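prediction below, plus the sequence it came from.
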Amino acid sequence: MPTVWMAGASSGLGLHTLLALRDAGFTVVAGARSFADPQKRPCENCLPLDVTKEESVDAFAAEAEALAGPPDILVNCFGLLNLGACESYGTDEIRQVMETNFLGMTRMVSRVLPVMREKGHGRIVNFSSINGLLGIPFEGAYTASKHAIEGYSECLALEVKPLGIEVMLVEPGDHRSGAQAYRKHSRAMGPDSPYWGHFEAAATRIAKDEDNGSDPDALGRKIARALQKKRLPRRLRVAKFDQHLAVILHDVLPAPLFDSIIGSYYRKKK
């Protein structure tokens, strides 16, 4: 079976994907920051990895290749969410989200592409989100990072196809993934903020939707099945019906009507 290098596998959707790939027979070397502590490693081939640091990416790649050989597949499944009003984000807060979600992904891609080009084949799986296709209130930084991943991955797919390399975007909706432990709030969001009432309502709705989200194990199994196909789909959207519908309506409805529908879902009720 192919060798998978996986970035972001300590919890949430990453951990469920790691377990599904292992169950399907893939050889997986997984990286995460928390794996610096040996007690927090869920597998033998779990290595420390901080995607925001070039030296950490290089160290992970060297050790991963020593353990299991060069990668046939790269899976980028990590993310940082910071809830806040677009007006209120500090530049450093936006930079931290983009540094992790977007630039971390580009670092991993750039690290494996020379190896895949030399082999003449490879597969890259980048986790985007439904938020990579539409925006919701108070997730401006996260949504911007996911839109960036969408655009970058489309360009990447066009560039590497002649080299025998495929790219797939995974676009999850809400899943029961334990992401609340990693959900930060912008430091400017407090009772003095002019957005506070609507922010509280939106944050509550976001948490509730995650708590009642889809099965993360099913997501992992779908990714494993996609990677076993002869041809990799460009996109794998895994979401409930209403979120699939939201993406369709976003593209076909006039913007004021769509904004009214989405806004009323997250807005504080009078």
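All right, it came through fine.

when you work out contacts or count neighbours from here on, use the C-alpha atoms and nothing else.
Will do.

roughly how far apart are residue 174 and residue 210?
Distance from residue 174 to residue 210, counting by CA to CA, to the nearest Å: 5 Å.

the two: which has the busier surroundings?
A count of neighbours by other CA atoms under 10 Å puts residue 174 above the other of residue 174 and residue 210, at 23 against 17.

quick one: residues contacting the more buried one.
If you count contacts by CA atoms under 8 Å, 6 or more residues apart in numbering, residue 174 has them with 209-210, 212-214, 239-240.

just these: which are in helices?
Mapping the contacts of residue 174 onto helices (DSSP state H) picks out 209-210.

TSV for the contacts of residue 174, including distance to residue 146 and pLDDT?
Listed next are the contacts of residue 174 as TSV, based on distance: CA to CA, whole Å; pLDDT from 0 to 100:
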residue	distance to residue 146	pLDDT
209	19	89
210	18	88
212	22	87
213	19	82
214	20	88
239	16	92
240	19	92
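
let's have the contacts of residue 174 in JSON lines, adding distance to residue 59.
Below are these laid out as JSON lines (distance: CA to CA, whole Å):
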{"residue": "209", "distance to residue 59": "38"}
{"residue": "210", "distance to residue 59": "34"}
{"residue": "212", "distance to residue 59": "38"}
{"residue": "213", "distance to residue 59": "36"}
{"residue": "214", "distance to residue 59": "35"}
{"residue": "239", "distance to residue 59": "35"}
{"residue": "240", "distance to residue 59": "38"}
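
quick check: neighbours shared by residue 174 and residue 210?
Joint contacts of residue 174 and residue 210 (CA under 8 Å, 6+ apart) do not exist.

re the thing from before, buried ones among the contacts of residue 174?
Buried by 16 or more other CA atoms under 10 Å: 210, 213-214, 239, out of those.

nearest to residue 193 among these?
Comparing the buried ones among the contacts of residue 174 against residue 193 with CA to CA places residue 210 closest, at 25.0 Å.

if you count neighbours, what's buried in stretch 227-244?
Neighbour-count burial for stretch 227-244, with 16+ other CA under 10 Å as criterion, is recorded at 227, 232, 235-239, 243.

with stretch 80-91 instead?
Residues of stretch 80-91 classed as buried by neighbour count (16+ other CA under 10 Å): 80-85, 88-89.

which residues are contacting it?
Outside stretch 80-91, the residues touching it (CA under 8 Å, 6+ apart) are 93, 97, 100-101, 137-142, 182-189, 195, 199, 203.

mind redoing it with 10 Å?
Residues outside stretch 80-91 that contact it (CA atoms under 10 Å, 6 or more residues apart in numbering): 93-101, 137-143, 145, 179-180, 182-190, 193-196, 198-199, 202-203, 206.

where does pLDDT dip in the stretch 101-250 of the chain?
Scanning the stretch 101-250 of the chain with the threshold set as pLDDT under 70 gives 178-183.

now do the strands in it.
In the stretch 101-250 of the chain, the segments counted as strands under DSSP state E, counting those that start in this stretch are 122-127, 165-172, 183-185, 235-238.

got those strands as TSV, with distance to residue 108 columns?
Below are the strands of the stretch 101-250 of the chain laid out as TSV (distance: least, CA to CA, whole Å):
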stretch	distance to residue 108
strand 122-127	10
strand 165-172	13
strand 183-185	23
strand 235-238	19
